[in-house]
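>>> Pasting the sequence and the predicted model now:
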Amino acid sequence: MTDVATEAEGTGLVFHPMDQFIVKPLFGEGPVMWYTPTNAALWMLIAVACVVALFVLGTRGRAIIPSRLQSVAEVFYGFIYKMVEDVTGHDGVKYFPWIMTLFLFIFFSNMLALIPMSFSPTSHIAVTAVLGFGVFIAVTVIGFVKNGVHFLGLFWMKDAPVFLRPIIAVIEVISYFVRPVSHSIRLAGNITAGHAVLKVFAAFAGIALIAPASILAITAIYALEVLVAVIQAYVFTILTCVYLKDALHPAH
């Protein structure tokens, strides 16, 4: 959280809470191209490395009495497996590795972003849109592969009055195609808002009169952001499970 605030001539304290979200080249200056190594790419790679390290190092011993790292890995595994099974049913368990990968990537990206001087990949719609639209495309393909044209029954409410069914079908189709947008914006918006608020309060810490109150506020907001990091990973994943359930059982 560097350059939180600067003294501008004749204007006092000026905040730049959005500077922390700028994607920058890791080496040198210049425009960011598709092949340019950036801070966003670095922190996504670190998140992936953390996931790999947790499960490779944590499970290589597979002891009956687990180590702390193995216990953490088992907690993640059991929690996500139960969520997938409870929401999607037995048919959805085969997609557990995919859903677990989504959860762990988002979870570690969110948590690592709380380290001072780090970067938050999930604050960028470009990242969350890839995740959201990836889920949308995958779930749609699964729905048609498993059910064929019967997947379209998801949009046709047989229990509704006949004259309302076409109207409801249009609403359901619109709602379905809005899913990836809301799925991605929800995650990016929550992470961005939390980090921006943290940086604003950090700016006030430089003012002697209100520094103690600002530090207390930063502590409280930071604790809240830890909770938000976990909740947003959970929300993204459980919504993925709900969408997968619709694809597997469109008539339900």
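Happy to help now that I have it.
>>> Can you give me the buried ones in stretch 112-121?
Across stretch 112-121, burial judged by 16 or more other CB atoms under 10 Å covers 112-114, 118-121. Bear in mind the C-beta positions are built from the backbone N, C-alpha and C, glycine included.
>>> do the same with stretch 57-73
Within stretch 57-73, the residues that count as buried by 16+ other CB under 10 Å are 58-59, 66, 69-70, 73.
>>> Kindly report the same for stretch 95-102.
Buried residues in stretch 95-102, counting neighbours by 16+ other CB under 10 Å, are found at 95-96, 99-100, 102.
>>> Other residues contacting it?
Stretch 95-102 has contacts (CB atoms under 8 Å, 6 or more residues apart in numbering) with 51, 76-77, 80-81, 84-85, 88, 131, 135, 138, 142, 236-237, 240-241, 244.
>>> Now for the chain, the helix or strand with the poorest mean pLDDT.
Lowest mean confidence among the helices and strands of the chain (mean pLDDT, DSSP states H and E): strand 5-8, at a mean of 42.
>>> where does the stretch 1-150 of the chain have low pLDDT?
Residue ranges of the stretch 1-150 of the chain with pLDDT under 70: 1-15.
>>> residue ranges for the strands of it, please.
If DSSP state E, counting those that start in this stretch is used as the criterion, the strands of the stretch 1-150 of the chain fall at 5-8, 12-15.
>>> Show me what counts as buried in stretch 203-221.
For stretch 203-221, by 16+ other CB under 10 Å, it's 203-205, 214, 217-218, 221.
>>> By pLDDT, give me the weakest of the residues you listed.
On pLDDT alone, A205 ranks lowest of these, at 77.
>>> give me every residue that touches the residue nearest to that one when sequence neighbours are not counted.
With CB to CB, 6 or more residues apart in numbering as the criterion, A205 has its nearest non-adjacent residue at 4.4 Å, and that residue is S214. Neighbouring residues of S214 by CB under 8 Å, 6+ apart: 201-202, 204-205, 207.
>>> Could you list the buried residues of the helix or strand harbouring V235?
Element membership for V235 (DSSP states H and E) is helix 211-248. Counting neighbours by 16+ other CB under 10 Å, one finds that the buried residues in helix 211-248 are 214, 217-218, 221, 225, 228-229, 232-241, 243-248.
>>> do the same with stretch 46-59
Of the residues in stretch 46-59, 46-47, 50-51, 54-55, 58-59 count as buried by neighbour count, 16+ other CB under 10 Å.
>>> before we move on, what about stretch 120-137?
For stretch 120-137, by 16+ other CB under 10 Å, it's 120-125, 127-129, 131-132, 134-136.
>>> which one of the residues you listed sits closest to W156?
Proximity of those to W156 (CB to CB) peaks at F136, which lies at 19.9 Å.
>>> how much space between that closest one and A129?
Between F136 and A129 the distance is 10 Å, computed by CB to CB, to the nearest Å.
>>> Could you name every residue contacting both of these two?
Residues touching both F136 and A129 comprise P180, with contact defined as CB under 8 Å, 6+ apart.
>>> quick one: the helices in the chain?
39-59, 68-88, 96-112, 125-147, 165-204, 211-248 (DSSP state H).
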